Each structure stands twice: as C-alpha cells, then as structure tokens.
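*Asks:* pasting the structure only:
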C-alpha cells in the first residue's frame, strides 16, 4: 500500500516551512530514509516560467531551501537544483524571478539550466507513444538521487500538473515540442517509466486552480510527500475535485506500472488533515473548462493541433481577459488556429481560408504564420497572453 503524507499549518514565518517539511517527511522515514551522505542529489522544482511562487505558477523557494537544509543536516554536500522552463521562457529568467539564483549562491549548491544541459537518449520499453526513446538531461541521469518538488496546479491541456508531469522539465525543448505533437498524457506516463524520483515533496502552499501559468492562486498552506507518483497525484487530484480516472496521464502511468493509487481508498494517508476541508476551500471549479465552455457558447472555434502549453495558455488567458471585459460577444464566430502541426503543413490543406464562414480567422503563434487567409496573426513562440489580448482588442 502506497503511503502519502500530508501536513497543513498556518505559516507565520519562513522557519515554519522548514518545520512543515520535516514533519511531512517523518512518516516516510525522514530524508535520511532516501538519501545517503555521499549521494549526488538533484532537486527538481517546477519553474515553468518566470513568475514568483505566490502566483501559483512555481515551486516556493523556501521548500527548496528546506530540502537543502535537510540534506546538509545528514551530511550531503553534492546538491544540485535543476529545471528547464517551458518552451519560450529561458530558465535563467525563472531562476531570477523565483529567487533561486541568489538562494543557491548563498547555500553553495549548484543551479543547472536543463534547457542548456547535455542530453542522453534513453530507451523506453513501455508503451508506444515515444517510439522507444526519449532525450533526458544528463545532470538528472547522473544523479544518485532525484527529489521531485512539483506544484499543486491545474493545466490547460492535461487538467493537472503534479509530480508525474513535473518530470517533463527534465527533457529538451525539442522533446517538449514532440510531446505536444503526440498524445501528451501517454508520453508523460512513458517518461515516468524511465525517470523515477526517489522522493516527492509537493508544494501546496499556494496552489493554482485554472492553468499552469499562475493566474488563479489559492492559499492552502499544505505540503504533500510520498514516493509513489501515481498515488500522490491521484490523492491530489481528488483534493482538487477530480476523479483520478479523469486524469489520463495518471491512468496510463498506473497501467505502465509506474505506481498504484487510482483507487485512493487503498492509499495510506499520514497526517492529521481532512482532505474534504481542503477540497471545500478549493471548490468545484478547477481548470479551464469553466472558461472554454463560455468560449464555445459564443461560437468561438479553436482549432488546436499540436500546440505547446505556453501558446495555448496565452490564448486562453487572453480570451479570459476579453470575457472579463464583457467583450467576448464581439468575437462571436471567430476561428483560432494554434499549434505546431499547422507549421508542418506544406500543401495548403490546413489553411483556414473560407472554413465554416468564420467572421475572422486568427493565427496564434509562429507556427501559424504560413497559413493562407488569416485576418489576424499574432507572432511569438509563444506570444504572451497580453500580446494576444491587445491584438484582439485593437481589432474588436
């Protein structure tokens, strides 16, 4: 039976987070139960973009600091903090925005941008989506121990991004693009068959309930820990109002033997915390579905084919802002084209000209630049949500 530990406490100062990390690890045997003094340890936070933790987008640096201190306490000296942000955001910007650049310098630990790392082609035997191989950052593969530090977040494409999906930051940008051209949920599950963290400490201090970019934060003062990513993600999915069976990469991961926990009744939960109370605070409206339904009610036609998360999130957030302005009706009947597969079209078959009698045909991101018949094109890889919003408001 998988064990998941959960702690919740009002945070009054920085030292409280260190106390919470120690407390959440105690039922699992403490950090010393997973790491030895001579190990090379990589800490892998979620640094998807250059936004601070309180937006809900990135891992709280104080959780990273707490793990560094726990590792030093048991004599570990070879510690690396490493991640690769999403396509379009240089990871150095995330290091600076989150404060990890200064933190790691002060603590004397290495800070590695996995976007610039050397990559190793790793054989993938489970599943068929990755076609038998995936390129993973050498820094991660060379570690003796990997500690995964994900964030409690919703996601525009996979519904949630927790521990399983957080490992996507360990692959190259080219691989990230490939994941979005294929079945991303199956790809995430297959990645987790060859890259397995020794410990997971999930940051639920400030969660994000709409998308991965950090636009709908909620203070929860919660930390979750475990060793089974399927069980931990399934429990967190339940906490966020989902049936874990609705989250496809969790389902596929269990099918491939990554872990076991879709039946949350068989998870041993440690900690004096009622999941129902957290779920009650989060509410029933998690994810972009609440917005996409309103987009559809106005006849907006979003043609997505192989879009990266960053590009799709920019479009959704721009449309959300138009909706907040009560101007969504002005976009009625518009068609939006977004995704890598439009860039790959060479014979004009994917061009939008004349399709469906749309009021306007709008291309989002550089991948749609070559499409014929666009009325509006928003450049960028990815464009920012603000750029898309301004482009739409100038036209409508």
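*Replies:* That came through, no problem. Worth saying up front: this structure is predicted, and the values here are computed from it rather than measured.

*Asks:* alpha carbons only for contacts and neighbour counts from here, please
*Replies:* Noted.

*Asks:* what's the burial count for residue 249?
*Replies:* Residue 249: 28 surrounding residues under other Cα atoms under 10 Å.

*Asks:* is it in contact with residue 192, as I believe?
*Replies:* No: at 10.0 Å, residue 249 does not count as touching residue 192 under the criterion of Cα atoms under 8 Å.

*Asks:* separation between the residue nearest to residue 376 when sequence neighbours are not counted and residue 332?
*Replies:* Excluding the flanking residues, the one nearest residue 376 by Cα to Cα, 6 or more residues apart in numbering is residue 362, at 4.7 Å. Using Cα to Cα, to the nearest Å, one gets 13 Å for the distance from residue 362 to residue 332.

*Asks:* more neighbours: which of the two?
*Replies:* More neighbours surround residue 362 than the other of residue 362 and residue 332, with 23 against 18 (other Cα under 10 Å).

*Asks:* circling back to that earlier point, pretty sure the residue nearest to residue 376 sits in a helix.
*Replies:* No: per DSSP: H, G, I helix; E, B strand; the rest coil, residue 362 lies outside any helix segment and is strand.

*Asks:* strands along the stretch 151-300 of the chain, start to end?
*Replies:* Listed in chain order, the strands of the stretch 151-300 of the chain (DSSP state E, counting those that start in this stretch) span residues 151-155, 159-161, 199-208, 217-226, 268-270.

*Asks:* in this protein, where's the longest helix?
*Replies:* Using DSSP state H to define each element, the chain has its longest helix at helix 309-324.

*Asks:* centre of the chain to the next helix or strand along the chain from it, how far?
*Replies:* Using DSSP states H and E, the helix or strand that follows helix 309-324 in sequence is strand 335-338. Between the centre of strand 335-338 and the centre of its chain there are 23 Å (Cα atoms, centre = their mean, to the nearest Å).

*Asks:* residues in contact with strand 335-338?
*Replies:* Strand 335-338 is contacted by residues 300-307, 311-312, 358-365, 367-368 when judged by Cα atoms under 8 Å, 6 or more residues apart in numbering.

*Asks:* restricted to buried residues, select these in PyMOL.
*Replies:* To isolate the buried members of those in PyMOL, using 16 or more other Cα atoms under 10 Å:
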select buried, resi 300+301+302+304+305+306+307+311+312+358+360+361+362+363+364+365+367+368
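
*Asks:* low-scoring stretches of the stretch 251-396 of the chain, by residue?
*Replies:* The stretch 251-396 of the chain contains residues with pLDDT under 70 at 284-285, 288-290, 344-358.

*Asks:* quick one, helices of it?
*Replies:* Along the stretch 251-396 of the chain, counting by DSSP state H, counting those that start in this stretch, helices occupy 275-282, 289-297, 309-324, 340-343, 385-395.

*Asks:* can I get those in CSV including distance to residue 211?
*Replies:* Formatted as CSV, these follow (distance: least, Cα to Cα, whole Å):
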stretch, distance to residue 211
helix 275-282, 14
helix 289-297, 10
helix 309-324, 7
helix 340-343, 20
helix 385-395, 13
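
*Asks:* out of the ones you listed, flag the one nearest residue 102.
*Replies:* Closest to residue 102 of those is helix 309-324 (Cα to Cα; 26.2 Å).

*Asks:* other SSEs contacting the closest one?
*Replies:* When contacts are defined as 3 or more Cα pairs under 8 Å, 6 or more residues apart in numbering; DSSP states H and E, helix 309-324 packs onto helix 289-297, helix 385-395.

*Asks:* and the longest one, what other elements does it pack with?
*Replies:* Packing partners of helix 385-395 (3+ Cα pairs under 8 Å, 6+ apart): helix 309-324, strand 376-378.

*Asks:* what pairs with the shortest one, parallel or antiparallel?
*Replies:* I take that to be strand 376-378. strand 361-364 (parallel) (DSSP bridges).

*Asks:* thinking again about what came up before, for the residue nearest to residue 376, give the beta-bridge partners.
*Replies:* Beta-bridge partners recorded for residue 362 (DSSP bridges): residue 336, residue 376.

*Asks:* who's in contact with it?
*Replies:* When contacts are counted by Cα under 8 Å, 6+ apart, residue 362 touches 334, 335, 336, 337, 374, 375, 376, 377, 378.

*Asks:* which one of the residues you listed has the most neighbours?
*Replies:* Using other Cα under 10 Å as the neighbour test, the contacts of residue 362 are led by residue 337, with 24 neighbours.

*Asks:* how far away is it from residue 311?
*Replies:* Taking Cα to Cα, one finds residue 337 at 11 Å from residue 311.

*Asks:* report pLDDT for residue 126.
*Replies:* pLDDT, residue 126: 95.

*Asks:* can you report how many residues lie near the nearest residue to residue 314 once chain neighbours are set aside?
*Replies:* Take residue 314 and drop its neighbours on the chain: the residue closest to it by Cα to Cα, 6+ apart is residue 385, 4.0 Å away. Residue 385 sits with 21 neighbouring residues when counted by other Cα under 10 Å.

*Asks:* of the contacts of residue 362, closest to residue 56?
*Replies:* residue 378 (26.5 Å).

*Asks:* is it true that that closest one touches residue 363?
*Replies:* Yes: with contacts counted by Cα under 8 Å, residue 378 reaches residue 363, the gap being 6.2 Å.

*Asks:* tell me the contacts of the residue nearest the centre of the chain?
*Replies:* Residue closest to the average C-alpha location in the chain (Cα atoms, centre = their mean): residue 161, at 4.1 Å. By Cα under 8 Å, 6+ apart, the contact list for residue 161 reads 151, 152, 153, 154, 155, 212.
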